[in-house]
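In: structure for this input, please:
(one chain, ligands or ions: 1)
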Amino acid sequence: METLWESRFALRTQRMTSSLIRELLKLTQRPEIISFAGGLPAAEYFPVDRFQEACQRVLATQAHLALQYSPTEGYQPLREMIAEHLSHYNICVGAENVLITSGSQQALSLIGALLINPGDHVLVEQPTYLGALQAFSAYQAEYVGVPTDSQGICVDQLPAALRHGPKFMYILPNFQNPAGVTISAERRARLIALAHQQGVPIVEDDPYGQLRFEGEHLKPLVVEDVEQSGNNGTCYTGNVIYVSTFSKTLAPGLRTAWIVAAPPVINKLVQLKQGADLHSSTFTQMVIYEVAKDGFINEHVRKLRQVYRQRRDTMLAALDRYMPSEARWTQPEGGLFLWMHLPPGTSVWTLFEEAVRRDVAFVPGDAFFTVPNPPPTARLNFSCMPEDAIVEGIRRLSDAIKDVQAKAVPAPAP
Ligand SMILES: Cc1ncc(COP(=O)(O)O)c(C=O)c1O
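Out: You can find the predicted model right below:
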C-alpha cells in the first residue's frame with residue numbers, strides 16, 4: 001500500500017533504484033565469502049601509521065583551522081598539490097581549476113545536476129560505471145551507448161552515436177570499471193578530435209590512472225584536449241571535465257576526490273556543492289595533504305602497483321588453469337578489475353546464485369549496461385583478496401560455471 005511519503009516523493013525519484021552493487025555487497029559481506037564483487041582497495045595496505053601521524057600533526061598545529069568551516073572550493077594547499085600534479089603532463093592547470101569533492105561519486109552527481117535536464121542524452125561506454133548511471137539517472141538522463149573492445153571505446157561508432165545529440169560523453173580512459181580496458185592513444189586523439197568537431201564536452205572519470213602495472217602511461221583526455229586546441233595558457237579553459245579521487249591511491253573512507261575544469265564550470269559546481277554540503281571535511285582534506293606531501297603518495301602508489309599486479313597475475317593464472325574453454329576475459333594493464341565473457345547462453349543470475357552457494361561472489365555484468373539482455377558477463381575484482389583466496393575463488397567459480405552449463409536446458413532444435 002502506498003504510504004503518505006510515497007505520494008510525496010518527487011517524480012525524478014521514480015526511476016531511482018538502490019545500486020545493485022551496494023545490495024550485492026551486503027550479501028557478500030559474510031566473512032566466509034571470497035568476494036570478487038566489490039571495488040575495494042586492499043585494506044591491509046592503507047598507510048595507517050602515516051595517517052595517525054598526520055592527524056596528530058594537524059590537531060597539534062592547526063586544530064582551529066581543521067575543525068572549522070572552510071571554503072567550498074577546498075583546502076588551498078591540496079588544490080595546489082593537485083594542480084601541480086597535472087603540470088607533470090605539461091599542461092597548465094591552476095588551483096582555480098580544481099574543486100575538492102566528497103568522493104568522485106559526489107563529483108558525478110554535481111556534474112549531473114550541472115548538465116542534465118530531464119530527457120537529455122548522455123553518451124556512455126557499454127559497459128560503463130554503474131555509479132555514474134545512478135548519479136545521472138537521478139537527473140532523468142537517457143543514454144546513448146557505444147560498445148568497447150580491448151582498445152576501449154569503439155571510436156568508429158562515435159559519429160553515429162553523436163547524431164543523437166548527447167549533452168556530454170562520460171568516458172573512463174584507464175582500466176575501465178567494469179571492463180578493465182584502456183583507451184588506446186590513437187582512440188584518445190580521435191575521441192577529442194570528434195568532440196571538438198561536434199562541440200560535445202567530455203566528462204573524464206579517472207580513478208585508476210595511477211595504478212598502471214605495465215606499459216606506457218597514456219595522456220589523459222584533458223591533456224589531449226589542450227594539445228589539440230593549442231590553448232595552453234596559465235589556466236585550463238577547455239571542454240573536458242576531469243574527475244579523480246584519493247579512494248584508490250590512499251583510502252576510500254576518506255571520501256575525498258577532485259574535479260578539474262574550466263573556471264566557469266568550477267564556479268557553477270561550487271554553487272551546486274554549497275547546496276549539497278557546503279564543503280568537504282576540512283579536517284580530512286588537511287590530513288590528506290599532510291599524508292600525501294613530500295612524495296609519499298607516489299611512493300605508496302608504487303607499492304600498491306606491485307601488490308595489485310601480483311594479484312592480477314594470480315587471478316589470470318587461475319583463470320587459465322580452471323575456466324572452461326568457452327570463457328574469455330580481459331587482460332587489464334592496471335586498476336582493480338577484469339571482465340569475463342561467460343560461455344554463451346550462461347544465465348548470469350543463476351550463476352550468481354550458484355557461486356554464492358559456493359561462497360564466492362562476483363558482479364553480474366548486466367548491471368553495467370544501459371541496454372537490455374547484454375551478453376553474459378561478470379566483473380571480477382582482484383585487488384582485495386589475498387592470493388590463495390583468489391586461486392580458491394576462481395576454482396569455485398569455474399565449478400559453478402560448469403555446473404550451471406551442465407544443468408542448462410539445451411535450446412530446442414530449429
Ligand atoms: C569509475 C569510478 N568512478 C567513481 C567512483 C567513485 O569513487 P569515490 O570513492 O571517489 O567516490 C568509482 C568507485 O569505484 C569508480 O570506479
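In: so what's the residue of the stretch 51-200 of the chain found nearest the ligand closest to, chain neighbours aside?
Out: Distances from the stretch 51-200 of the chain to the ligand, computed as Cβ to the nearest ligand atom, single out residue 103 as the nearest residue at 2.8 Å. The C-beta positions use only the backbone N, C-alpha and C, and glycine is treated the same way. The spatial neighbour of residue 103 that comes closest, neighbours along the chain excluded (Cβ to Cβ, 6 or more residues apart in numbering), is residue 255 at 4.4 Å.
In: quick one, strands of the protein?
Out: With DSSP state E as the definition, the chain shows strands at residue ranges 34-35, 98-101, 121-126, 142-149, 152-153, 168-171, 202-205, 240-245, 257-260, 328-329, 337-341, 360-361, 363-364, 377-381.
In: quick check: the residue lying closest to residue 128 once chain neighbours are set aside vs residue 342, distance?
Out: Nearest non-adjacent residue to residue 128, counting by Cβ to Cβ, 6+ apart: residue 368, 6.0 Å away. From residue 368 over to residue 342 the distance is 14 Å, taken as Cβ to Cβ, to the nearest Å.
In: contact residues of the stretch 51-200 of the chain facing the ligand?
Out: Neighbours of the ligand within the stretch 51-200 of the chain, by Cβ under 6 Å from any ligand atom: 103, 104, 105, 129, 131, 172, 177.
In: how about the residue in the stretch 301-414 of the chain that the ligand sits nearest to, what does it touch?
Out: Residue nearest to the ligand within the stretch 301-414 of the chain: residue 336 (7.8 Å; Cβ to the nearest ligand atom). The neighbours of residue 336, taking Cβ atoms under 8 Å, 6 or more residues apart in numbering as the test, are 39, 41, 175, 177, 208, 211, 248, 308, 381, 382, 383.
In: how many neighbours does the third one have?
Out: By the measure other Cβ atoms under 10 Å, the count of residues near residue 175 is 26.
In: just checking, it touches residue 334?
Out: Yes. Taking contacts as Cβ atoms under 8 Å, residue 175 lies within contact range of residue 334: 4.4 Å.
In: common neighbours of the two, please.
Out: Counting by Cβ under 8 Å, 6+ apart, the residues touching both residue 175 and residue 334 are 182, 208, 211, 212.
In: which two of the residues you listed have the greatest separation?
Out: Greatest spatial distance among the shared contacts of residue 175 and residue 334 (Cβ to Cβ): 182 and 211, at 11.2 Å.
In: shared neighbours, those two?
Out: Shared contacts of residue 182 and residue 211, counting by Cβ under 8 Å, 6+ apart, come down to 175, 334.
In: and the longest helix along the chain, how far out from the chain middle?
Out: Determined from DSSP state H, the single longest helix within the chain is helix 296-322. How far helix 296-322 lies from its chain's middle: 18 Å, per Cα atoms, centre = their mean, to the nearest Å.
In: for it, which positions count as buried?
Out: Within helix 296-322, the residues scored as buried using 16 or more other Cβ atoms under 10 Å are 297, 300, 304-305, 307-309, 311-312, 314-316, 318-319, 322.
In: just the angle between that helix and strand 377-381, please?
Out: Taking axes from the mean of the first three to the mean of the last three Cα atoms, to 10 degrees, one finds that helix 296-322 is oriented at 130 degrees with respect to strand 377-381.
In: pLDDT averaged over helix 296-322 - what is it?
Out: Per-residue pLDDT over helix 296-322 has a mean of 98.
In: what of stretch 51-63?
Out: Throughout stretch 51-63, pLDDT has a mean value of 98.
In: spell out which residues of the stretch 251-400 of the chain are next to the ligand.
Out: Counting by Cβ under 6 Å from any ligand atom, the stretch 251-400 of the chain comes close to the ligand at 252, 257.
In: residue of the stretch 251-400 of the chain closest to the ligand, please.
Out: Closest residue of the stretch 251-400 of the chain to the ligand, Cβ to the nearest ligand atom: residue 257 (4.2 Å).
In: what about that residue, neighbour count?
Out: By the criterion of other Cβ under 10 Å, residue 257 has 25 neighbours.
In: if we look at the sheet, which residues does it bridge to?
Out: residue 101, residue 245 (DSSP bridges).
In: pLDDT at it, what is it?
Out: If you check residue 257, the pLDDT there is 98.
In: ditto for residue 119
Out: pLDDT, read off for residue 119, is 96.
In: how about residue 89, nearest residue that isn't a chain neighbour?
Out: residue 223 (4.8 Å).
In: how about the contacts made by the one you found?
Out: Contact partners of residue 223, counting by Cβ under 8 Å, 6+ apart, are 89, 90, 91.
In: the residues of the stretch 51-200 of the chain next to the ligand: which two are farthest apart?
Out: Put simply, by Cβ to Cβ the two of those set farthest apart are 103 and 172, 15.9 Å from each other.
In: buried subset of the contacts of residue 223?
Out: For the contacts of residue 223, a burial check counting by 16+ other Cβ under 10 Å picks out residue 91.
In: quick one: least confident of the contacts of residue 223?
Out: residue 90 (72).
In: mind checking pLDDT for the closest residue to residue 329 other than its chain neighbours?
Out: Excluding the flanking residues, the one nearest residue 329 by Cβ to Cβ, 6+ apart is residue 340, at 4.6 Å. On the pLDDT scale, residue 340 is placed at 97.
In: so residue 340 bridges to which residues?
Out: In this entry, residue 340 is beta-bridged to residue 329, residue 378, by DSSP bridges.
In: what is the burial count for it?
Out: Counted with other Cβ under 10 Å, residue 340 comes out at 24.
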